[in-house]
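A.B. asks: Here is my input; please provide its structure:
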Amino acid sequence: MDKKIVQQCALLLPIIRQKKPLIHHITNMVTANDNANVVLAIGASPVMALSKFEVEEMAAQADSLVLNLGTLSPDLVESCRLAGKVANKKGIPVILDPVGVGATRFRTNAAKEILSEIDVTIIRGNVGEVSALLGDSRFIKGVDAKSTNISISDLARKASQCYGTIVAVTGKVDVVSNGIEVFLVYNGHPLLKVLTGTGCMASSLCATFASVETDHLTSTIAALGFFGVCAEIAARKVEGPGLFHQVLFDVIYNMDVQTLASSLHIEVKS
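C.D. replies: Residues are numbered from 1 along each chain as shown. Predicted coordinates:
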């Protein structure tokens, strides 16, 4: 257990609640409501502005930007490009969630186009999506990752080096890398896999934590650790995914620094 990083991560929670950062989402219709609610529950402010006629103005007001490719269209790709360029000029973090990349050429090309034009701060995806960004689409099925025995740590490090960004590969164990260091986040629960949009919520939390912490390796570890701890606590109170979905937001809303710090399980990959 890395006690120093645990303390750094836990102390970001009250900063979020004090600053109430504005998190601009260009996101998908399947999970937009949950993405907004998870940001609200932790104490920040979400806005879901998608139209190319307003994304530049909205991004200029935001503290971070989420680009989620879940329900993709040419107009959404254009909105991502426009908002991303404003975010880069303003110096706010951009989080890319490459949902389903590798499943179709359109998704793969769109993600790579965004990455070529926008300075992305954090990529948060599953093993299939991140592998596809490196040219290997064997591990994606729709928007879900197939099981694989490849080294997730090596994958995260390689993707980070390739794109010059923090990469988080989420799964049973979340792996975060800056291209040199690799951190393992062991918090989480299997019920997260039977709810639509938990990966998207994780990306929204990555954006929220990134808005108050300029060390984005730390902020990403904090976001994923926070979400995993909340999932563990919520799962102890329920018997299935329906009530888990509701209770999860209550746990996020009521989480405190002491509980978070004592529950985080983070290790440095040796």
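A.B. asks: Strands of this protein, start to end?
C.D. replies: Counting by DSSP state E, the chain has strands at residues 22-26, 45-48, 64-68, 94-97, 122-125, 140-141, 144-145, 166-169, 174-177, 182-185, 266-268.
A.B. asks: and the third one, which strands flank it?
C.D. replies: Think strand 64-68. Paired neighbours of strand 64-68 in the sheet (DSSP bridges): strand 22-26 (parallel), strand 94-97 (parallel).
A.B. asks: Identify whichever of the ones you listed lies nearest to D75.
C.D. replies: strand 22-26 (10.4 Å; C-beta to C-beta). (C-beta placed from N, C-alpha, C; glycine too.)
A.B. asks: now what about that closest one, what contacts it?
C.D. replies: 32, 35-36, 39, 44-50, 55, 58-59, 61-68, 76, 79-80, 83, 204, 207-208, 211 (C-beta atoms under 8 Å, 6 or more residues apart in numbering).
A.B. asks: do the same with stretch 251-258
C.D. replies: 10-11, 13-14, 38, 41-42, 226, 229-230, 233-234.
A.B. asks: Please apply the same query to stretch 152-159.
C.D. replies: 123, 127, 130-131, 133-134, 167-169, 171, 173, 175-177, 179-180, 182, 184, 269.
A.B. asks: Any buried residues in it, and which?
C.D. replies: The neighbour-count criterion (16 or more other C-beta atoms under 10 Å) identifies 152-153, 155-159 as the buried residues of stretch 152-159.
A.B. asks: Which of those sits closest to R107?
C.D. replies: Distances from R107 to these, taken by C-beta to C-beta, are shortest for A159, at 16.3 Å.
A.B. asks: where does the protein have its least confident helix or strand?
C.D. replies: Counting by mean pLDDT, DSSP states H and E, the chain has its least confident helix or strand at strand 144-145, which shows a mean of 50.
A.B. asks: what's the closest non-adjacent residue to P241?
C.D. replies: V194 (4.6 Å; C-beta to C-beta, 6 or more residues apart in numbering).
A.B. asks: separation between the one you found and G242?
C.D. replies: 10 Å (C-beta to C-beta, to the nearest Å).
A.B. asks: for A207, same thing?
C.D. replies: 27 Å.
A.B. asks: Who has more neighbours out of the two?
C.D. replies: Neighbours per residue, other C-beta atoms under 10 Å: of A207 and G242, the larger number sits with A207, 35 against 11.
A.B. asks: wait, isn't the more buried one in contact with V66?
C.D. replies: Yes. Assessed by C-beta atoms under 8 Å, A207 is found in contact with V66 at 4.7 Å.
A.B. asks: what residues do these two have in common as contacts?
C.D. replies: In contact with both A207 and V66: 23, 95, using C-beta under 8 Å, 6+ apart.
A.B. asks: what ranges do the helices span in the stretch 151-270 of the chain?
C.D. replies: In the stretch 151-270 of the chain, the helices defined using DSSP state H, counting those that start in this stretch lie at 152-163, 198-210, 216-235, 241-254, 257-263.
A.B. asks: what's the answer for the stretch 1-150 of the chain, then?
C.D. replies: 3-10, 12-19, 32-42, 55-61, 74-90, 105-117, 127-133.
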